[in-house]
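Q: coords please:
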Amino acid sequence: RKEYVDLYVNYVFNKSVQKPFEDFMQGFLRGCPARNWKMFLPEELQVLLQGYTTFDWHLLEKNAMYRQYKKLDQTIRNFWTVFHKLSEEKKKMFLAFLSGSDRITGYGLECFRFWIADPQVANPDESSPYASTCSLVLFLPR
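A: Next comes the predicted model:
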């Protein structure tokens, strides 16, 4: 019985997927040659491919830049007060709203910069915040 189970497991997890895996690996290595990624430790490669999943959210606040706002404007202070009270899940949802992804690749938040801008609408109470994910701008009505 043990031999049968071993052979079956080997077939299901190795033999049955061998050809599709070889095809995948050939395509992957064509786009990302092994010599380029062998220099990374597994943890570094994971961050490079998947991005960071945990953040120092105060660093996000520190790196924010402002258009038509100053850091001490009441709207900005209110925004950061509310932001820091959000759950980790909601903060990641904000990051996805702002950038299109709930992860940050590369150097993490140390180098992540975004703008908070006043859209200067006639009736700010009737306008909702919106984002330009390509240019990393959060338009936050007063």
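Q: let me know how buried residue 60 is, in neighbour terms.
A: When neighbours are defined as other C-beta atoms under 10 Å, residue 60 has 21 of them. The way it works is simple: take the backbone N, C-alpha and C, and place the C-beta from them, glycine included.
Q: and for residue 29?
A: Residue 29: 13 neighbours (other C-beta under 10 Å).
Q: and it, which of the three is it?
A: Secondary structure state of residue 29, per DSSP: H, G, I helix; E, B strand; the rest coil, is helix.
Q: just use 74 as the starting number from now, easier for me
A: All right, first residue 74 from here; so that's residue 102.
Q: tell me the contacts of the residue nearest to the spatial centre of the chain?
A: Central residue of the chain (C-alpha atoms, centre = their mean): residue 176, 1.5 Å from the mean position. Contacts for residue 176 (C-beta atoms under 8 Å, 6 or more residues apart in numbering) come out as 123-126, 168.
Q: output these in CSV; the columns should cover neighbour count, pLDDT and distance to residue 103.
A: Formatted as CSV, the contacts of residue 176 follow (neighbours: other C-beta atoms under 10 Å; pLDDT from 0 to 100; distance: C-beta to C-beta, whole Å):
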residue, neighbour count, pLDDT, distance to residue 103
123, 10, 71, 21
124, 14, 70, 23
125, 15, 71, 27
126, 12, 71, 28
168, 20, 91, 32
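Q: this completes my enquiry, with thanks.
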